[in-house]
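Chemist: Give me coordinates for this.
(2 chains)
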Amino acid sequence: GAVVSQHPSWVICKSGTSVKIECRSLDFQATTMFWYRQFPKQSLMLMATSNEGSKATYEQGVEKDKFLINHASLTLSTLTVTSAHPEDSSFYICSARPFSGRGGEQFFGPGTRLTVL
Amino acid sequence: DAKTTQPPSMDCAEGRAANLPCNHSTISGNEYVYWYRQIHSQGPQYIIHGLKNNETNEMASLIITEDRKSSTLILPHATLRDTAVYYCIVRVAFGNEKLTFGTGTRLTIIP
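Modeler: Presented below is the predicted three-dimensional model:
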């Protein structure tokens, strides 16, 4: 149980295009999902917190107009990187907190590697 | 959330117990200790969490000192697949739900 999937697992795009990444909780409902970014040899950095049916909360320094987050259902959140540039190349990881919340733990997706040419 | 301090790297022989320490001297009474690990190029994996009592599950044991200022994650019989970066995080279980990742401990299991 507690499986989170991400799609795609990797994507290569041209500079200036937009890329959408999906995060799904497969066997549980998640009122809250989180989006992280990880650059090579660095730790995970939280980008935003996504609550179902409401606007996402972005961390300081993260451009909300560039990283669009939609959490339309209890099992799906999407991150759209708009007008991507090479500096947006990174490993994007989502996590989900079960609605039943046994102890506050989060379950992570396998990540999406974005490369912007 | 309280900060944690972990050694940057550790080695452990395959088959032996791996003991990963974590200092969290500023932990508050309502903050839990969580452990996650990240195998290269994968998303983090939840391992275990606890408040003040020692905890054990199928993956690991968590030993928390009586004053709660430090803890140790124990992998009882390390295998090569346990090679990963291990993160110790302290936070309130409910309310503030953010996980703030530090630099973690890079554990290498040696054949």
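Chemist: Residue B:88 touches residue B:24, doesn't it?
Modeler: Yes: counting by Cβ atoms under 8 Å, residue B:24 is a contact partner of residue B:88 at 7.2 Å. Where C-beta positions appear, they are placed from N, C-alpha and C, glycine not excepted.
Chemist: Neighbour count: these two, which is higher?
Modeler: Just comparing residue B:88 and residue B:24: by other Cβ atoms under 10 Å in any protein chain shown the higher neighbour count belongs to residue B:88, 26 against 23.
Chemist: what about stretch A:77-87, average pLDDT?
Modeler: Averaging pLDDT along stretch A:77-87 yields 96.
Chemist: same check, this time on stretch A:33-49
Modeler: 93.
Chemist: quick one: common contacting residues for residue B:88 and residue B:24?
Modeler: Residues touching both residue B:88 and residue B:24 (Cβ atoms under 8 Å, 6 or more residues apart in numbering or on different chains): B:4, B:33, B:71.
Chemist: can you tell me the helix or strand for the second one?
Modeler: Here residue B:33 is covered by strand B:31-38, with elements defined by DSSP states H and E.
Chemist: Next SSE downstream of that strand?
Modeler: Per DSSP H and E, strand B:31-38 leads on to strand B:45-50 as the next helix or strand towards the C-terminus.
Chemist: quick one, that following strand and strand B:31-38 angle?
Modeler: With axes from the mean of the first three to the mean of the last three Cα atoms, to 10 degrees defining the directions, strand B:45-50 sits at 160 degrees from strand B:31-38.
Chemist: and the helix or strand that comes right after strand B:45-50, anywhere near chain A?
Modeler: For strand B:45-50, the following helix or strand on the C-terminal side (DSSP H and E) is strand B:55-56. No: figure legend: strand B:55-56 not in contact with chain A (Cβ under 8 Å from any Cβ of the partner chain); closest approach 10.1 Å.
Chemist: who touches strand B:55-56?
Modeler: Looking at what lies outside strand B:55-56 - Cβ under 8 Å, 6+ apart - the contacts are B:48, B:49, B:61, B:62.
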